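predicted model, plus sequence, below.
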Amino acid sequence: DFGLRPCPLITITPASPLPNATQSSSYSVTMTSSGGMAPYAWSIAGGSLPAGLTMSTASSTTGVISGTPTVGPGSYNFTVRSTDALGCAALKAYTLTVNCPTIQVAPASPLATATQFAPYDVTLTASKGTSPYTWSIVSGSLPTGLNLIGASGATVHLSGTPTSLPASFAFTVRVRDANNCQTDLPYTMSLVCPPVAISTTGSMTATQASPYTLGLAATGANQPYTWSIISGTPPPGITLTALTSSTAQLSGTPTTAGNYTFVVRASDSVNCLGDESITINVSCPPITINPASVPAATQTIPYSQSFTAVGVTAPLTWSLVAGSSLPSGITLSSAGVLSGTSSAAVGTYNFTVRVVDSNNCSAQAPYSLELLCQPLDVLPATLPNALVGYGYSQNLTTQRGVAPFGWTVTSGALPAGLALSSTGTISGTPTALGSSSFTVRVQDSTGCVDTKNYTVVVVCPTLSIDPSSLPDAYVSTPYLQQLEVTGGTGPYTWT
């Protein structure tokens, strides 16, 4: 024995085929040798590993095939040699299958929401495969108007302007790489309603009792539209009416003044809708108060003047505006009648009347009421004659006026011996015959004045001589008869 011994049987594990590798994914498998003398050296004796994989020694008894395969999918055959420390070697044939990678696509499902009639674009990006890629829809369907654009690269655009009715859409996208590896990805996306815009044509201000129209037009969704009022109430007398597939109007004759806020809705057949808040201000109609002016009033004489209004809705309520001034005794009723009897001072009284109708519409008008003096009418119409030397008294009075009264003589003169008192009595004893003309003036407590022209004639009294007849006289006989006079003022002169 010269020390020559046969090589032992060296065994390599694991058995073939090796676990599958995946393209572009890291891979590692450990091989173990036994039966020889460690350490072992490892190499590829025939064939070749898939590109990206290498053979290396891991420990005294193991080797490792590792790396990231970059070749296309397929089965690769090669032979592994394991040589021990004495130079004894073992060979083992292997088959390694490289599988297609799981191609990843971003973004994940569901896709971003699309809006009907609005431009849409989502980019899908593939990775983990070998470029170039091809893209296709293999099941389901996209909304009408959307397509895969640029379907020959790592990215593809799902873009366009969707015109389908709003709904949820499900479809499957297939991406295939240069090695014919492919992945199918199910997607969902929602197509939602576009914003429905409601525009108005016309004024937001209406006038009570006058015809009114406000035009409405809807855009953005699928005609025809259904119109409705979903909250609030339009002015009484105004209604909503559809005109065409996309237009409507609020029209009628408003009956009640005020501010009215309500919401109009336009909705299509798939319940795409838009709401518009509308405020209509119904103003009161022009109100005219009649008459334009009021006639004058006269002291102590009953007065009545009615007010009327045009452009109002009965019943009406009338009142005076603060700061108004009326003569005492004259008032304004809620029915609009200015009436009463006043003894107030003459003058001009300014006041403002206000009317409010059943719809709370109101108007006011300023007025001036002139309070006139009444004709006092001095009595008597004429004065009786006075008798010279005899006492005289005559009271002057008025038919109207407010006591107390003041009396004066303003022109001319009373007969000598007579005087006018401040209370209206002409009295005294005239001392001379003749005719006297004068003017008296009377003023009452409110300042009203009247005058009267008078003439007083002072005449002689009627003289009476007694006896009315004389007795007979006799010839040659003395005769004496006393005569007496009454009715005059002595001494008397006889002739």
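Perfect, thanks for sending it. Numbering: from 1, shown residues only.

which residues are contacting the host helix or strand of Thr455?
Element membership for Thr455, per DSSP states H and E: strand 449-459. Residues from elsewhere that reach strand 449-459 (CB atoms under 8 Å, 6 or more residues apart in numbering): 373, 375-378, 382-383, 385-388, 396, 398, 401, 410, 414-415, 418, 426, 430, 432-443. For every residue, glycine as well, the C-beta is placed using N, CA and C.

narrow those residues to those in strands?
Secondary structure from DSSP state E places 378, 386-387, 398, 410, 418, 426, 434-443 of the contacts of strand 449-459 in strands.

centroid residue for this structure?
Closest to where the C-alpha atoms of the chain average out (CA atoms, centre = their mean) is Thr279, at 4.8 Å.

residues touching the residue nearest to that one when sequence neighbours are not counted, list them.
Leaving aside its chain neighbours, Thr279 sits nearest to Thr261 (4.5 Å; criterion: CB to CB, 6 or more residues apart in numbering). Thr261 sits next to Gly232, Ser277, Ile278, Thr279 when contact means CB under 8 Å, 6+ apart.

what does Gly215 give?
Thr200, Thr201, Gly202, Thr247, Ala248, Gln249.

now render the residues you listed as CSV, adding distance to Leu463.
What follows is these, written out as CSV (distance: CB to CB, whole Å):
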residue, distance to Leu463
Thr200, 111
Thr201, 111
Gly202, 106
Thr247, 117
Ala248, 114
Gln249, 110
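
make a PyMOL selection of the buried ones in the residues you listed.
To isolate the buried ones among the contacts of Gly215 in PyMOL, judged by 16 or more other CB atoms under 10 Å, type:
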select buried, resi 247+248+249
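
so what touches the helix-or-strand element of the chain with minimal mean pLDDT?
One helix or strand of the chain scores below all others by mean pLDDT, DSSP states H and E: strand 484-486, with a mean of 76. In this structure, residues lying in contact with strand 484-486 by CB under 8 Å, 6+ apart are Leu463, Ser464, Ile465, Asp466, Tyr492.

now, the most widely separated pair of those residues?
Comparing every pair within the contacts of strand 484-486 by CB to CB identifies Asp466 and Tyr492 as the most remote, at 12.7 Å.

name the helices or strands packed onto the helix or strand that contains Thr183?
Per DSSP H and E, Thr183 falls inside strand 182-192. Helices and strands touching strand 182-192, by 3 or more CB pairs under 8 Å, 6 or more residues apart in numbering; DSSP states H and E, are strand 104-106, strand 114-115, strand 167-176.

could you rerun that using 6 Å?
Here strand 182-192 touches strand 167-176, going by 3 or more CB pairs under 6 Å, 6 or more residues apart in numbering; DSSP states H and E.

parallel or antiparallel, list what pairs with the strand it packs on.
When sheet partners are counted by DSSP bridges, strand 167-176 sits next to strand 134-140 (antiparallel), strand 182-192 (antiparallel).

mean confidence score for the last one?
On average, the pLDDT along strand 182-192 is 96.

same check, this time on the first one
pLDDT averaged over strand 134-140 equals 95, rounded to a whole number.

so what touches that strand?
Leu148, Ala151, Ser152, Val156, Ala170, Phe171, Thr172, Arg174, Val175, Arg176 (CB atoms under 6 Å, 6 or more residues apart in numbering).

and if we set it to 10 Å?
105, 124, 126, 147-158, 169-178, 180, 182, 184-188 (CB atoms under 10 Å, 6 or more residues apart in numbering).

residue ranges with poor pLDDT in the protein?
Where the chain drops to pLDDT under 70, the residues are 1-4, 488.

can you list the contacts of Thr261 in a markdown table and add distance to Leu142 and secondary structure?
Shown next, in a markdown table, are these (distance: CB to CB, whole Å; DSSP: H, G, I helix; E, B strand; the rest coil):
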| residue | distance to Leu142 | secondary structure |
| --- | --- | --- |
| Gly232 | 41 | strand |
| Ser277 | 37 | strand |
| Ile278 | 39 | strand |
| Thr279 | 43 | strand |
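
who wins for most neighbours among those?
Ile278 (18 neighbours; other CB atoms under 10 Å).

just confirm that one contacts Val263, I think it does.
Yes. At 7.4 Å, Ile278 counts as touching Val263 under the criterion of CB atoms under 10 Å.

shared neighbours, these two?
Ile198, Ile229, Gly232.

Val29: which of those residues is nearest?
Proximity of the shared contacts of Ile278 and Val263 to Val29 (CB to CB) peaks at Ile198, which lies at 69.9 Å.

which element is the residue nearest to the closest one when sequence neighbours are not counted on?
Spatial nearest neighbour of Ile198, excluding adjacent residues (CB to CB, 6+ apart): Glu276 at 3.8 Å. Element membership for Glu276, per DSSP H and E: strand 273-283.

can you give me the buried ones in that strand?
Leu273, Gly274, Glu276, Ile278, Ile280, Val282.

could you do stretch 422-439 as well?
Buried residues in stretch 422-439 (16+ other CB under 10 Å): Gly424, Ile426, Gly428, Pro430, Ser436, Phe438.

can you pull the contacts of the residue lying closest to the fifth one once chain neighbours are set aside?
Right, Ser436. Using CB to CB, 6+ apart and skipping the chain neighbours, the partner closest in space to Ser436 is Pro415 (4.3 Å). By CB under 10 Å, 6+ apart, the contact set of Pro415 is 385-386, 388, 392, 426, 428-436, 438, 455-458.

returning to what we had before: can I get the buried residues of stretch 422-439 in a markdown table including distance to Val485?
Below are those laid out as a markdown table (distance: CB to CB, whole Å):
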| residue | distance to Val485 |
| --- | --- |
| Gly424 | 36 |
| Ile426 | 29 |
| Gly428 | 25 |
| Pro430 | 20 |
| Ser436 | 27 |
| Phe438 | 33 |
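
report the two of the residues you listed separated the most.
The two members of the buried residues of stretch 422-439 with the most space between them (CB to CB) are Gly424 and Pro430, at 18.8 Å.
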